[in-house]
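A.B. asks: this one's structure only:
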């Protein structure tokens with residue numbers, strides 16, 4: 001099966017192939033300016049967090065979620 005990573009504006013992550021029933025491990029952590037990566041989710045609304053070590057039984061798209069880092073602007 002194909003696992004596609006939607007990095008949501010972060011660094012691009014290549015799709016990977018996973019045999020049915022195999023676990024997805026070593027999830028990549030994309031980088032995004034002024035943001036902290038919070039994890040991968042199976043939906044674009046960030047309701048269902050994907051856990052490392054979960055078995056894959058179908059094609060899957062994972063969506064990166066971030067929290068913005070507040071920065072102070074200098075005058």
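C.D. replies: Yes, it's here. Just so we're clear, the structure is a prediction, and the values are computed from it rather than from any experiment.

A.B. asks: contacting residues around the closest residue to residue 46 other than its chain neighbours?
C.D. replies: In this structure, residue 46 finds its nearest non-sequential neighbour in residue 65, 4.8 Å apart by Cβ to Cβ, 6 or more residues apart in numbering. Glycine gets a C-beta too; all of them are placed from N, C-alpha and C. Applying Cβ atoms under 8 Å, 6 or more residues apart in numbering to residue 65 gives the contacts 8, 37-41, 46.

A.B. asks: ok, those residues vs residue 54, which is closest?
C.D. replies: Among the contacts of residue 65, residue 40 lies closest to residue 54 (Cβ to Cβ), at 10.0 Å.

A.B. asks: tell me which residues of the host helix or strand of the closest one are tucked away?
C.D. replies: Here residue 40 is covered by strand 35-41, with elements defined by DSSP states H and E. By neighbour count on 16 or more other Cβ atoms under 10 Å, the buried set for strand 35-41 is 35, 37, 39-41.

A.B. asks: and if you look at stretch 13-21?
C.D. replies: Buried residues in stretch 13-21 (16+ other Cβ under 10 Å): 13, 18.

A.B. asks: do stretch 22-35 as well
C.D. replies: Those would be 24, 27, 30, 32, 35, for stretch 22-35 by 16+ other Cβ under 10 Å.

A.B. asks: Which ones among the residues you listed map onto strands?
C.D. replies: Those of the buried residues of stretch 22-35 mapping onto strands are 24, 35, per DSSP state E.

A.B. asks: Show me which of the buried residues of stretch 22-35 is closest to residue 15.
C.D. replies: residue 24 (11.9 Å).

A.B. asks: wait, what's in contact with the closest one?
C.D. replies: 3, 16, 18, 50, 52-56.

A.B. asks: Make a PyMOL selection of the buried ones in those residues.
C.D. replies: Buried residues among the contacts of residue 24 (16+ other Cβ under 10 Å), as a PyMOL selection:
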select buried, resi 3+18+50+56
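
A.B. asks: Closest to residue 71 out of the contacts of residue 24?
C.D. replies: Looking across the contacts of residue 24 and measuring by Cβ to Cβ, the closest to residue 71 is residue 50, at 28.9 Å.

A.B. asks: Leaving out the residues flanking it, which one is nearest to that closest one?
C.D. replies: Spatial nearest neighbour of residue 50, chain neighbours left out: residue 40 (4.5 Å); criterion: Cβ to Cβ, 6+ apart.
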